[in-house]
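> Here's a sequence, model it:
(chains A and B)
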Amino acid sequence: MTSVSASGAAPLDDVPLRRSPLARMAKRALRHPGFMAGTVVLAVLLLCSLAAPLITAYDPYAQDISRRLLPPVWQAKGTWEHWLGTDKLGRDYFARLLYGGRISLLIGVATVLVSGTIGTALGVAAGFFGGRVDLVIGYIINVRLALPVVLVALAAAALVGSSLNTVIIVLGLLLWDRFAVVARSATQQIAGADFVAAARSIGCSTRLIVLSEVLPNILNPLIVIATLEMAHAILLEAALSFLGLGVQPPLPSWGLMIAEGKQFMFFSPWVITVPGVALVALVLAINLLGDGLRDVTAPENRS
Amino acid sequence: MTIPVLELKDVTKTYAIRQGIFRPPATLTAVGGVSLTVARGEVHALVGESGSGKSTLARMLLGLIAPTSGEIRIDGVPIAMTNRREVARRIQPVFQDPYSSLNPRKTVADLIALPLVAHRIGSAKDRQKRVAAMLDAVGLPRRMIDAYPGQMSGGQRQRVAIARALVMQPDVLICDEPTSALDVSVQAQILNLLMDLKREFGLTYFFISHNLAVVEHLADRVAVMYLGRIVEERSREALFERASHPYSKALLDCVLTPDPTLGMPDAAITGAFPNPIAPPPGCTFHPRCPRATDHCRVAAPPPVPLADGFATCHLAT
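Predicted coordinates for the structure are as follows:
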């Protein structure tokens, strides 16, 4: 009891300092299992695919017809030489998986850059100016929502031929709708705030208001959308490549690996499970990261 | 006669309110025919209850919205003839709520320097010096220069808002209830700061408030607004000692006194604030006026000149 009353008069310098918002955010992030799992898995996948030449000595394009369809190491005839086996042309499956990760990540990032720019620009314009601008942009968003992504991608591939660039451009031009919707509603909220009126009466140009007052305040939800759309784009690329309309052989893409493996799946199921598991892991990691990011950056919105 | 800093001539702002597809839009008169002059160096207060059009008037003075008709002049030059940036150099705002008037993503330094950035004044180093000088002027420690609004108290935030308004060295500050969102103890500090700064920088204040105690403390002239119109405009002494308009009198009677033996004040006016879309005919105050006559119910009163101002009332003397 005496010790309690003694510590009641603690010196003032014992009072803990208030943490900065960034530090508090970091603490919430560390306590969020989904966010941490997503971050770790994504970081591992990212590092592995970027450092692919350091991890495997095999060339993902080198064919060896005498070593076709070797099983992975956990199967009866598997060897550590090709621990994930080889594909129908005798290429090392692990090497193709690593280099294929680069394609998936490239498509995810590039698509989100294109679609994020389009969607944010449209959404901010609609939310900030309102009125007729909002009507026109709302109409454009509705038109976009009425277009089935895969059908448009099929048509584009038929028109200009399928390639990595086509996939990125087509997906980038199609996946901006969620950015636009979220940016629009977030901007509408911000545009009514006093600090935007203050900036206007201070004499800021519209450009300055949008860049320095609106955009920094709607960034959090947009980052969340970016992660979700990245996962979406990676899945769509896999689907398009599976249909033969995305990335073209011999580029290693996970969707393409599944497509090329489908004729062997009854006797060598690992040819599709290996890239399939990789795809699931990547998309799951990005989605967990996105969900976690939403919780971590906006604690007041947590359910 | 010197030219007043601010001059409002018959300023009106109306809004069209849609009432459905088949009914014609109704007109809401937020501000109706307001004429005022504000002399350099004075504190001109505007009082009135919520919804009386005070903030709409402030937004027009700041150039955020344009009047439907009428004219606002700054130093004799109509606001409509000058561009928004030019107006902003002369008139700066202090908003009611310092929690929403500061961008939460910016540091104090960026917030205060924003007018300088917007008007491309000075180099980065120059701006930093002026920011530091403003921090001193509003009584904030310089170590707060990198703080975010979220780390500050309401009073500190309002000091930042005042520093931001003053960094351009404007002539006029439009203070839209600058203390009503603050704690009582902090209110006095901010009001005293405003008065000190007025002396130091030779400012003119257009001070919007519903707190009559605050108005009595610092205003030189007071305008009372009701339903978008100025019902009385007097010097402070005249208004607080011999208000002419029944509405002004009622407002003054409503002020709570610290003396508990007096009990709750008698509300001289009854009824609710009328619908501004369909204002009462004649004098708009007549349904609530204890002294209304039959004449008040049909004829709108003209402004009656008094010794040091005017009152818009048939019974004013």
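
> ok, the closest residue to residue B:122 other than its chain neighbours - how many residues close by?
Using C-beta to C-beta, 6 or more residues apart in numbering or on different chains and skipping residues adjacent in sequence, the residue nearest residue B:122 is residue B:116, 5.8 Å away. From N, CA and C alone the C-beta is placed, and that goes for glycine too. For residue B:116, the number of neighbouring residues by other C-beta atoms under 10 Å in any protein chain shown comes to 21.

> Likewise for residue A:80?
The number of residues packed near residue A:80 is 6, by other C-beta under 10 Å.

> One more: residue B:89?
The local packing count at residue B:89 equals 18, with neighbours defined by other C-beta under 10 Å.

> excluding its backbone neighbours, what's nearest it?
Per C-beta to C-beta, 6+ apart, closest to residue B:89 is residue B:168, 5.9 Å.

> can you pull the pLDDT of that neighbour?
pLDDT, the model's per-residue confidence, is 86 for residue B:168.

> ok, back up a step: list the buried residues for the helix or strand harbouring the residue nearest to residue B:122?
Assigning secondary structure by DSSP states H and E places residue B:116 in helix B:108-118. Within helix B:108-118, the residues that qualify as buried by neighbour count (16 or more other C-beta atoms under 10 Å in any protein chain shown) are B:108, B:109, B:110, B:111, B:112, B:113, B:114, B:115, B:116, B:117, B:118.

> who touches the second one in this structure?
By that I understand residue B:109. Residue B:109 sits next to B:128, B:131, B:145, B:146 when contact means C-beta atoms under 8 Å, 6 or more residues apart in numbering or on different chains.

> what does the fourth one give?
The neighbourhood of residue B:111, defined by C-beta under 8 Å, 6+ apart, consists of B:102, B:103, B:149, B:160, B:164.

> ok but the last one is inside a strand, no?
No. The assignment for residue B:164 (DSSP: H, G, I helix; E, B strand; the rest coil) gives helix, which keeps it out of a strand.

> burial of it, as a residue count?
Summarising burial for residue B:164: neighbours were counted as other C-beta under 10 Å, giving 27.

> got the contact list for the residue nearest to it when sequence neighbours are not counted?
For residue B:164, ignoring the flanking residues on the chain, the nearest one in space by C-beta to C-beta, 6+ apart is residue B:112 at 5.0 Å. Counting by C-beta under 8 Å, 6+ apart, residue B:112 touches B:131, B:134, B:135, B:160, B:163, B:164, B:167.

> List the first helix or strand encountered after the strand or helix carrying residue A:40 toward the C-terminus.
Using DSSP H and E, residue A:40 maps to helix A:33-50. The element immediately downstream of helix A:33-50 (helix or strand, assigned by DSSP H and E) is helix A:52-55.

> Within range of chain A, give me the residues from the stretch 51-200 of chain B.
The stretch 51-200 of chain B has residues B:59, B:62-64, B:84-85, B:87-89, B:91-93, B:95-97, B:100-106, B:114-115, B:117-119, B:148, B:150-151, B:161, B:164, B:168 near chain A, with proximity defined as C-beta under 8 Å from any C-beta of the partner chain.

> of these, buried ones?
Restricting those to buried positions leaves B:59, B:62-64, B:84, B:87-89, B:91-93, B:95-97, B:100-103, B:105-106, B:114-115, B:117-119, B:148, B:161, B:164, B:168, with burial counted as 16+ other C-beta under 10 Å.

> Just the ones of those in strands?
The members of these that map onto strands under DSSP state E are B:91, B:92, B:93.

> for those, which one is nearest chain A?
residue B:93 (4.8 Å; C-beta to the nearest C-beta).

> looking at the sheet around that closest one, what are its partners?
Applying DSSP bridges to residue B:93 yields these beta-bridge partners: residue B:174.

> if I read this right, it contacts residue B:177, doesn't it?
No. Look at residue B:93 against residue B:177 with C-beta atoms under 8 Å: they stay out of range, at 11.5 Å.

> what helix or strand is residue B:71 on?
The secondary structure element spanning residue B:71 is strand B:69-74 (assigned by DSSP H and E).

> Listing partners with orientation, what would you give for that strand?
Within its sheet, strand B:69-74 is paired with strand B:6-17 (antiparallel), strand B:77-78 (antiparallel), according to DSSP bridges.

> For the stretch 151-300 of chain B, which segments count as helices?
In the stretch 151-300 of chain B, the segments counted as helices under DSSP state H, counting those that start in this stretch are B:154-166, B:184-201, B:212-218, B:236-242, B:246-254, B:294-298.

> deepest of these, which one?
Comparing the helices of the stretch 151-300 of chain B on average neighbours per residue, with mean count of other C-beta atoms under 10 Å in any protein chain shown, the densest one is helix B:154-166 at a mean of 24.

> Check which helices and strands it is in contact with.
When contacts are defined as 3 or more C-beta pairs under 8 Å, 6 or more residues apart in numbering or on different chains; DSSP states H and E, helix B:154-166 sits against helix A:194-202, strand B:91-94, helix B:108-118, helix B:124-137, helix B:184-201.

> For the third one, output the C-alpha coordinates as PDB.
This means helix B:108-118. Output for helix B:108-118, consisting of C-alpha atoms alone and laid out as PDB, is shown next (Å, rounded to 0.1, in the frame of the first residue of the first chain):
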ATOM      1  CA  VAL B 108       1.900  24.000 -38.600                       C
ATOM      2  CA  ALA B 109       4.600  25.500 -40.800                       C
ATOM      3  CA  ASP B 110       2.900  24.300 -43.900                       C
ATOM      4  CA  LEU B 111      -0.500  25.600 -42.700                       C
ATOM      5  CA  ILE B 112       0.800  29.100 -41.900                       C
ATOM      6  CA  ALA B 113       2.800  29.300 -45.000                       C
ATOM      7  CA  LEU B 114       0.000  28.300 -47.300                       C
ATOM      8  CA  PRO B 115      -1.100  31.800 -48.200                       C
ATOM      9  CA  LEU B 116       2.500  32.700 -49.100                       C
ATOM     10  CA  VAL B 117       2.700  29.600 -51.300                       C
ATOM     11  CA  ALA B 118      -0.600  30.300 -52.900                       C
END
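
> Identify the residue spatially nearest to residue B:314, adjacent ones excluded.
Using C-beta to C-beta, 6+ apart and skipping the chain neighbours, the partner closest in space to residue B:314 is residue B:301 (4.7 Å).

> Check residue B:135 too.
residue B:142 (5.5 Å).
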